[in-house]
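A.B. asks: Using only what follows, build the 3D model:
(4 chains)
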There are 4 protein chains.
Amino acid sequence: MQFDVACTLSYAVSQPVTALFNIRPAATAQQRILHETLLLTPAIEVESMTIAPNGNRLDRILLGAGTVRLDYRARVELDVHRFDPDSVAECPPAALPMDILDDLMASRYCEADRFANLAHKLFAGIPPGHTRVTAICNWINENLDYRPGSSDAHTSAIDTLTDRAGVCRDFAHVGISLCRALGIPARFASSYAFGLDPPDFHAVFEAWLGDRWYLFDPTRQAALDGLVRIGVGRDAAEVAFANFWGGPVEPLDMQVSMVRSDGGVEDATRTTDAVSVAAA
Amino acid sequence: MQFDVACTLSYAVSQPVTALFNIRPAATAQQRILHETLLLTPAIEVESMTIAPNGNRLDRILLGAGTVRLDYRARVELDVHRFDPDSVAECPPAALPMDILDDLMASRYCEADRFANLAHKLFAGIPPGHTRVTAICNWINENLDYRPGSSDAHTSAIDTLTDRAGVCRDFAHVGISLCRALGIPARFASSYAFGLDPPDFHAVFEAWLGDRWYLFDPTRQAALDGLVRIGVGRDAAEVAFANFWGGPVEPLDMQVSMVRSDGGVEDATRTTDAVSVAAA
Amino acid sequence: MQFDVACTLSYAVSQPVTALFNIRPAATAQQRILHETLLLTPAIEVESMTIAPNGNRLDRILLGAGTVRLDYRARVELDVHRFDPDSVAECPPAALPMDILDDLMASRYCEADRFANLAHKLFAGIPPGHTRVTAICNWINENLDYRPGSSDAHTSAIDTLTDRAGVCRDFAHVGISLCRALGIPARFASSYAFGLDPPDFHAVFEAWLGDRWYLFDPTRQAALDGLVRIGVGRDAAEVAFANFWGGPVEPLDMQVSMVRSDGGVEDATRTTDAVSVAAA
Amino acid sequence: MQFDVACTLSYAVSQPVTALFNIRPAATAQQRILHETLLLTPAIEVESMTIAPNGNRLDRILLGAGTVRLDYRARVELDVHRFDPDSVAECPPAALPMDILDDLMASRYCEADRFANLAHKLFAGIPPGHTRVTAICNWINENLDYRPGSSDAHTSAIDTLTDRAGVCRDFAHVGISLCRALGIPARFASSYAFGLDPPDFHAVFEAWLGDRWYLFDPTRQAALDGLVRIGVGRDAAEVAFANFWGGPVEPLDMQVSMVRSDGGVEDATRTTDAVSVAAA
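C.D. replies: Numbering: from 1, shown residues only, chains lettered A, B, ... in the order given. Sure, this is the predicted structure:
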């Protein structure tokens, strides 16, 4: 399927700042960028780089005082790999690629070191595999309230489990923490999400099962086969769509959109299949 | 200078576990491994890998039930780069290598997002550069008690700043958090430390200044030019010398040593120079 | 029923300290102190006071350097009031005695302000009354591990719910937090507990239902009709059996005992009745 | 001096709730209520009670759905006791009234158990007495930013010390925590504050020195001899000016005022004397 994704971000800047954006879809074998444009108003030089090993595509821009607007558009060919969930096994730490082991460790918003007991109580009795991570997502969905405004930039998985409320970012952090506590590598993924209402950037997570990363959305707000993945990292601390250094910046506007561009009807549905968009 | 570093670790294992060790010195242009041996008793297959991009050298070993002992020895040629601290400037986010920007972000034990105000109150008035990071280390050394047993595996920089006590790991976490809050990339580094008393693995941190990583030890317990760096990462969560999955493991013994092997007298002193052992 | 309760506490004191003990059973209409002795070795003056409004009976003692031993013994006539749990209703905030309302507030180890959502998700659907507080205790008992050594003097209800493990103190804190979050006044109670194995001080909690305080033990380790209540307070911060000011004190020994003294066989059983020992 | 204090509070209520207000000045030997009126619009029955032992004067009101407005006015004769700060000594735990010892304990927002080390590092070298508590207030005032909006109902002293910012409530919590950690009883006090700009309820704290409670305001925003004390408690958890049970309530308006009513000019100044308004 082909999608057109776009975002418009504008800011009031009172003193020169260094801005770092992470809004471009990742370029992978299964997610091809057909064409893309980034327009700055006023025109400003953009320094772009793809960061190894995660493949995040960053733009660094020095913003002068004044109003700045950023328009990004891309057409993306998405080649979702679907699998029968029952056929996707967990990969024990003994067999994991060694450079994946870092994704078992605790991070700023995912204190996996504190969740060993809870994770085992809730999920040790469920047969390992894709369906166990789905069980984690189901539990999150049933036990946490999705409530805009209930969390902030300092909210971690311990906070979310205590408060039993959060947004997509928080749901992902809880899912990641529980996976890691069970020995399943997991990482945070930002994305464009087809059909998300209201339109916005979306946060999901990926768990390493079998021989690749699989997508999971514990909010159940987006279809897994309609996700165009942007950046991945340990947690939201590493995958913000915008970071600023040098002073405060006032957000003026943010628009995110995603539409089918291949003439297909909008039939992306909430799949229950195992879905992967990352290279094996 | 040449050093012989060694460690002996032994464990009682009650059920098969996957162990991951991070005890080998990093191999860099300035830190050459002349020879090394890793001996497992009983003999067990070891899977070794150097992880990009950090260069951490990991050993994965499947331990069966019983007692296991690991002996590691290496001769390391250390070519410390010394600089006049006054000549080492900070590098603003606008000029940092883009793949270093992740080291500005908050992590499990370094909640830099919470330290912006404190860092600016304490250190914004100090001229940027190597001497400012030294000022951070001095402040830590003067305001925290070094007290074995005062922290555990869940202790973060917020905890340490509240309790005003910790060990080398905690001192490093506070230093990293304050640097990141000031826009200085910083990361955790484990090491062999010449002259450390009692001998043990040591934790320090690196801050990116000018065009390279510089070493800092807020505990003041080790000479910076006598540090053989092992692993680097966001914080202790990523640089444990040992991780285990699959069950509890009982540590039986741990010995760490580091001696001069070039006939030189033990004259490594607590340098006040800026010291770097990482590739530029 | 009559019980003989006793405790022996001994300490090594290196510099003069002020000690405050809260080890005497409360004297209430239903819990009569028939006789009691407090012996200090060496002999030291003891300042005793019953504190309003809770009725805690405190002993303040100035300990000089050296070894000190405290022996306390009491015979207590316990007149437990039993009720049919189904007949004990909750008392809404509108009808509560106004001087009980403080026991709805958050305290050091019972962050009830953070548990509103969790408490309503778990227990809002259960009919109000004594049986709902029993449901809270059942949930705690089923979802937390009783594990000596898993908590310390700083552990709060948020910590315990995260770690899913604790001791009697922690179980009580979770119970209190959940009750308060539902609008049920609750407080911490220390006690001698008949049949507790191994013998020790015990921590339970009281919830205000109907027109009085009822006892609850989410650990299920003691029979409710075999509890001799010592002190009550917001949480463990206010009901420690010993506090010291002026320097560190090394505990040398602690013995706690409780036996039937009325010739009755040891037939105190784990009652499922609603039990109250506090004045109405 | 005489003051007229007043507050108007109005709320939109969507379902019946139980409201508890703590807005009446305490009636003490030094703070006499000459006359007062509480008007509810629409007219609703008010249940009023003075709670022992603190003397807090509470009003409980059952609010039906609709808009409700509360107007409170009082004339207060304030007889401030001033002392030479240098003459006011600390009272060691050995000599404190035993019913004051609870105010040495940790509470919800004042985790004094965590501040022993910090308090001793900062203030153990300062001679005990009123001037030491003033030194604590000075430190708070110099090291924390007064910043409306920087904290919320869950913010504790650990949070405030980490973030280095807060409002009057948070400044008081830090002051209380540091006092208790030094063995000085301290409690939270809400008040009307003469000259506070903008007018609002104010939070200060009291420390027990010599033989009575003394007032301290680490924000330095109010004159100590122009404070009409409302309620006292362990911390803000126990002294909210309004609590509601039964459902959410939307605040519509809040007006607080305090003027001289004795013809005196507005000459209450920021005194550096030791000030007490509580009964000895």
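
A.B. asks: For residue D:89, see how far away residue A:133 is.
C.D. replies: Distance, residue A:133 to residue D:89, by Cβ to Cβ, to the nearest Å: 64 Å. Where you see a C-beta, it was placed from the backbone N, CA and C, and this is true even at glycine.

A.B. asks: Show me which residues of the strand or helix carrying residue A:38 are buried.
C.D. replies: Under the criterion of DSSP states H and E, residue A:38 resides in strand A:31-41. Across strand A:31-41, burial judged by 16 or more other Cβ atoms under 10 Å in any protein chain shown covers A:31, A:33, A:36, A:38, A:40.

A.B. asks: of residue A:133 and residue D:89, who's got more company?
C.D. replies: residue A:133 (30 against 14; other Cβ atoms under 10 Å in any protein chain shown).

A.B. asks: and the nearest residue to that one once chain neighbours are set aside, how many neighbours?
C.D. replies: Spatial nearest neighbour of residue A:133, excluding adjacent residues (Cβ to Cβ, 6 or more residues apart in numbering or on different chains): residue A:207 at 4.9 Å. Residues lying near residue A:207 (other Cβ under 10 Å) number 27.

A.B. asks: Just give me the least confident of the buried residues of strand A:31-41.
C.D. replies: The lowest pLDDT within the buried residues of strand A:31-41 belongs to residue A:31, with 94.

A.B. asks: wait, it sits on residue A:229?
C.D. replies: Yes: between residue A:31 and residue A:229 there is a contact at 6.4 Å, judged by Cβ atoms under 8 Å.

A.B. asks: Give the residues shared as contacts by the two.
C.D. replies: Common contacts of residue A:31 and residue A:229 (Cβ atoms under 8 Å, 6 or more residues apart in numbering or on different chains): A:25, A:277.

A.B. asks: by contact count, what packs against the strand holding residue A:38?
C.D. replies: When contacts are defined as 3 or more Cβ pairs under 8 Å, 6 or more residues apart in numbering or on different chains; DSSP states H and E, strand A:31-41 packs onto strand A:66-78.

A.B. asks: And the next helix or strand past the strand it packs on?
C.D. replies: strand A:81-83.

A.B. asks: roughly how far is that following strand from the heart of the chain?
C.D. replies: 19 Å (Cα atoms, centre = their mean, to the nearest Å).

A.B. asks: can you check stretch A:33-45 too?
C.D. replies: 22 Å.

A.B. asks: try stretch A:12-28
C.D. replies: For stretch A:12-28, the distance to the chain centre is 16 Å (Cα atoms, centre = their mean).

A.B. asks: buried stuff in that stretch?
C.D. replies: Buried residues in stretch A:12-28 (16+ other Cβ under 10 Å): A:13, A:17, A:18, A:19, A:20, A:21, A:22, A:23, A:24, A:25, A:26.

A.B. asks: That stretch and chain B in contact?
C.D. replies: Yes: applying Cβ under 8 Å from any Cβ of the partner chain, one finds stretch A:12-28 touching chain B at A:18, A:20.

A.B. asks: pretty sure residue A:142 is in a helix, no?
C.D. replies: Yes: the assignment for residue A:142 (DSSP: H, G, I helix; E, B strand; the rest coil) places it in a helix.

A.B. asks: measure it to residue C:121 for me?
C.D. replies: 9 Å.

A.B. asks: Please say which of those two ends up with more neighbours.
C.D. replies: Using other Cβ under 10 Å as the criterion, residue A:142 and residue C:121 rank with residue C:121 on top: 15 against 9.

A.B. asks: Quick one: the helices in chain A, in order.
C.D. replies: Applying DSSP state H to chain A gives helices spanning A:116-123, A:130-143, A:157-163, A:168-181.

A.B. asks: Deepest in the core, which of those is it.
C.D. replies: When the helices of chain A are scored by mean count of other Cβ atoms under 10 Å in any protein chain shown, the highest mean neighbour count falls to helix A:168-181 (a mean of 28).

A.B. asks: hmm, that helix touching chain B?
C.D. replies: No: residues of helix A:168-181 are not located near chain B by Cβ under 8 Å from any Cβ, the shortest gap being 10.2 Å.

A.B. asks: helices and strands around that helix, which ones?
C.D. replies: helix A:116-123, helix A:130-143, helix A:157-163, strand A:186-193, strand A:201-209.

A.B. asks: sorry, back to before: alpha carbons only: can I get the strand holding residue A:38 in CSV?
C.D. replies: Taking C-alpha atoms only, strand A:31-41 is exported to CSV below (Å, rounded to 0.1, in the frame of the first residue of the first chain):
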residue,chain,number,x,y,z
GLN,A,31,9.0,0.8,4.0
ARG,A,32,10.3,2.7,0.9
ILE,A,33,10.3,6.5,0.7
LEU,A,34,9.1,7.2,-2.9
HIS,A,35,9.6,10.9,-2.6
GLU,A,36,9.7,13.5,0.1
THR,A,37,10.0,17.2,0.7
LEU,A,38,11.0,19.3,3.7
LEU,A,39,10.2,23.0,3.4
LEU,A,40,11.3,25.6,5.9
THR,A,41,9.6,29.0,6.1
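
A.B. asks: so it versus strand A:66-78, what angle?
C.D. replies: 160 degrees (axes from the mean of the first three to the mean of the last three Cα atoms, to 10 degrees).

A.B. asks: what comes into contact with strand A:31-41?
C.D. replies: A:2, A:24-25, A:27, A:46, A:48, A:59, A:61, A:68-79, A:228-229, A:277.

A.B. asks: One more pass at 6 Å, please.
C.D. replies: Contact partners of strand A:31-41, identified using Cβ atoms under 6 Å, 6 or more residues apart in numbering or on different chains, comprise A:27, A:69, A:70, A:71, A:72, A:73, A:74, A:75, A:76, A:77, A:78, A:277.

A.B. asks: Stretch A:181-190 now?
C.D. replies: Contacts of stretch A:181-190 (Cβ under 6 Å, 6+ apart): A:90, A:93, A:100, A:103-104, A:112, A:115-116, A:119, A:172, A:176, A:179-180, A:201, A:203-208, A:229-233, A:235-236, A:239, B:245.

A.B. asks: so where's chain A shaky on pLDDT?
C.D. replies: A:265-272, A:278-280 (pLDDT under 70).

A.B. asks: Skip the chain neighbours and tell me the closest residue to the residue in the stretch 1-150 of chain A that chain C sits nearest to.
C.D. replies: The stretch 1-150 of chain A approaches chain C most closely through residue A:117 (4.2 Å), counting by Cβ to the nearest Cβ. Among residues not flanking residue A:117 along the chain, residue C:164 sits closest, at 4.2 Å (Cβ to Cβ, 6+ apart).

A.B. asks: My guess is residue A:5 contacts residue A:193. True?
C.D. replies: No: using Cβ atoms under 6 Å, residue A:5 is not in contact with residue A:193, being 9.6 Å away.

A.B. asks: Looking at the stretch 151-280 of chain A, what residue ends up closest to chain C?
C.D. replies: residue A:164 (4.2 Å).

A.B. asks: correct me, but that residue touches residue A:144?
C.D. replies: Yes: using Cβ under 6 Å, residue A:164 is in contact with residue A:144, at 5.4 Å.

A.B. asks: Between these two, which is the more surrounded one?
C.D. replies: Higher neighbour count among residue A:164 and residue A:144: residue A:144, with 23 against 20, using other Cβ under 10 Å.

A.B. asks: Sweet, I'm off.
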